[in-house]
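Asks: Build the 3D model from these lines:
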Amino acid sequence: MIVDDEADVCFLLGSILRNRNLQTSYVNSISEAKQALQKDIPSIVFLDNHLPDGFGINFIGEIKKFDPSIKIVMITAHDTTSDKANAFKEGADYFIGKPFTKDNIFNAIERL
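Replies: Now for the predicted structure:
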């Protein structure tokens, strides 16, 4: 599942993931992600940090409550050392700064 408020990012990331024969879905906010997680548990969540209804980093713990085995890849334009450290502290499994490349995404999938 992709959680990002930018439609072009959802489209690009979805295309990259489908190249690896992965099924994708996307939502544009934390509230939409909560609804989606009640219906289907993905194996990986690609999570933006700056969303219209909150910060993705604060949503990581809630995602893990749905299923602790969900892998979380934080994808954000705010790619500072402290942002990365905070994401891992909250439970992210991987961190990618924007703009990303398909190789960044493939590396994340292979490591997870």
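
Asks: Give me the neighbour count for the residue nearest to Ala108 when sequence neighbours are not counted.
Replies: Using Cβ to Cβ, 6 or more residues apart in numbering and skipping residues adjacent in sequence, the residue nearest Ala108 is Tyr94, 4.6 Å away. Bear in mind the C-beta positions are built from the backbone N, C-alpha and C, glycine included. By other Cβ atoms under 10 Å, 20 other residues sit near Tyr94.

Asks: can you check the one 5 residues further on too?
Replies: Other residues lying near Pro99 total 11 when counted by other Cβ under 10 Å.

Asks: List the contacts of the closest residue in space to it that isn't next to it in sequence.
Replies: Excluding the flanking residues, the one nearest Pro99 by Cβ to Cβ, 6+ apart is Ala77, at 8.0 Å. Counting by Cβ atoms under 8 Å, 6 or more residues apart in numbering, Ala77 touches His50, Gly97, Lys98, Pro99.

Asks: Can you check the pLDDT for Ala77?
Replies: pLDDT for Ala77: 88.

Asks: just the one 5 residues further on next, same as before
Replies: pLDDT, the model's per-residue confidence, is 90 for Ser82.

Asks: which residues does it contact?
Replies: So Ser82 contacts nothing (Cβ under 8 Å, 6+ apart).
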